[in-house]
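Participant: Give me a model of this one.
(chains A and B)
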Amino acid sequence: EAQVTQNPRYLITVTGKKLTVTCSQNMNHEYMSWYRQDPGLGLRQIYYSMNVEVTDKGDVPEGYKVSRKEKRNFPLILESPSPNQTSLYFCASSTWTGADTQYFGPGTRLTVL
Amino acid sequence: GQQLNQSPQSMFIQEGEDVSMNCTSSSIFNTWLWYKQDPGEGPVLLIALYKAGELTSNGRLTAQFGITRKDSFLNISASIPSDVGIYFCAGHPSRQLTFGSGTQLTVLP
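Facilitator: Predicted structure coming up:
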């Protein structure tokens, strides 16, 4: 089954404690992306990757890091989380154009205390 | 980043009614996409539009890519309870995909 998986689905942590949210897709997609969703703001892109070892900033990259060492994986790293990073996070993947169907993961709800 | 204005923010309608929502942008978009998000899940693509003036249907859903390339609308006909959710427009002014703020749809029995 074609899918995007994220882990964990829920995470409560404290300010400053480094964390990683994993994302994996099994569709051999070149394009992967991370979004955060906040009430009234829709989905805002954090980082995206056009292919392995190619990443670029989205609209709200501050406080986040990503890596793309393998085509299927695109982890999101918060080196020093802060309360304003409490949000719902989605990973997505698509063919290289990014304009084709973007498949979204189930989401990770992060709370930073 | 680019700004998309999506309206309305929320809608309460009776089952069986038709629904219309739209998105506008200050800049030209190369594609327009419409997504639906069910509670607790990620967005799912409903309709993709690639050419100005394009009108595309998917069952009871119809969407159009505005002639000016700066707007798009989504219509849902004869709404049913499972239409409940958040609808997002999205578009490509460049490689980056930009989302509207969403329309929360509630269908009353």
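
Participant: which SSE is A:G40 in?
Facilitator: Counting by DSSP states H and E, no helix or strand carries A:G40.

Participant: And it, how close does it get to chain B?
Facilitator: To chain B, A:G40 is 6 Å away according to Cβ to the nearest Cβ, to the nearest Å. In short, each C-beta sits where N, CA and C put it, glycine included.

Participant: so how far is A:C91 from the closest residue to that residue other than its chain neighbours?
Facilitator: Once flanking residues are discounted, A:G40 sits nearest to B:S101: 6.0 Å by Cβ to Cβ, 6 or more residues apart in numbering or on different chains. Look at B:S101 and A:C91: by Cβ to Cβ, to the nearest Å, they are 20 Å apart.

Participant: How about A:T22?
Facilitator: From A:T22 to A:C91 the distance is 9 Å (Cβ to Cβ).

Participant: Those two - which one has more neighbours?
Facilitator: A:C91 (28 against 15; other Cβ atoms under 10 Å in any protein chain shown).

Participant: On the pLDDT front, check that one for me.
Facilitator: Reading off the confidence values, A:C91 has pLDDT 97.

Participant: Can you classify A:Y47 as helix, strand or coil?
Facilitator: strand (DSSP: H, G, I helix; E, B strand; the rest coil).

Participant: Now B:F12: closest residue in space that isn't a chain neighbour?
Facilitator: That would be B:T106: by Cβ to Cβ, 6+ apart, it lies 4.8 Å from B:F12.

Participant: And for that neighbour, the neighbour number?
Facilitator: If we define neighbours as other Cβ under 10 Å, then B:T106 has 13 of them.

Participant: what about it, which helix or strand?
Facilitator: strand B:103-108.

Participant: Hmm, A:T55 is touching A:Y48, no?
Facilitator: Yes - A:T55 lies in contact with A:Y48 (Cβ atoms under 8 Å); the separation is 7.2 Å.

Participant: More neighbours: the two, which one.
Facilitator: Taking neighbours as other Cβ under 10 Å, A:T55 and A:Y48 compare with A:Y48 leading, 24 against 17.

Participant: contacting residues for the nearest residue to that one once chain neighbours are set aside?
Facilitator: Distances taken as Cβ to Cβ, 6+ apart place A:S33 nearest to A:Y48, at 4.1 Å, with adjacent residues excluded. Going by Cβ atoms under 8 Å, 6 or more residues apart in numbering or on different chains, A:S33 touches A:45-49, A:58, A:74, A:91-93, A:98, A:102, B:97.

Participant: what's the distance between the closest residue to A:A2 other than its chain neighbours and B:Q14?
Facilitator: The shortest distance from A:A2 to any non-neighbouring residue, by Cβ to Cβ, 6+ apart, is to A:M27 (5.0 Å). Look at A:M27 and B:Q14: by Cβ to Cβ, they are 39 Å apart.

Participant: Pick out whichever of the two has more residues nearby.
Facilitator: Using other Cβ under 10 Å as the criterion, A:M27 and B:Q14 rank with A:M27 on top: 14 against 9.

Participant: which SS class is the residue nearest to A:G40?
Facilitator: coil.

Participant: Touching, it and A:L43? I think so.
Facilitator: No - using Cβ under 8 Å as the test, B:S101 is too far from A:L43 to be in contact (9.1 Å).
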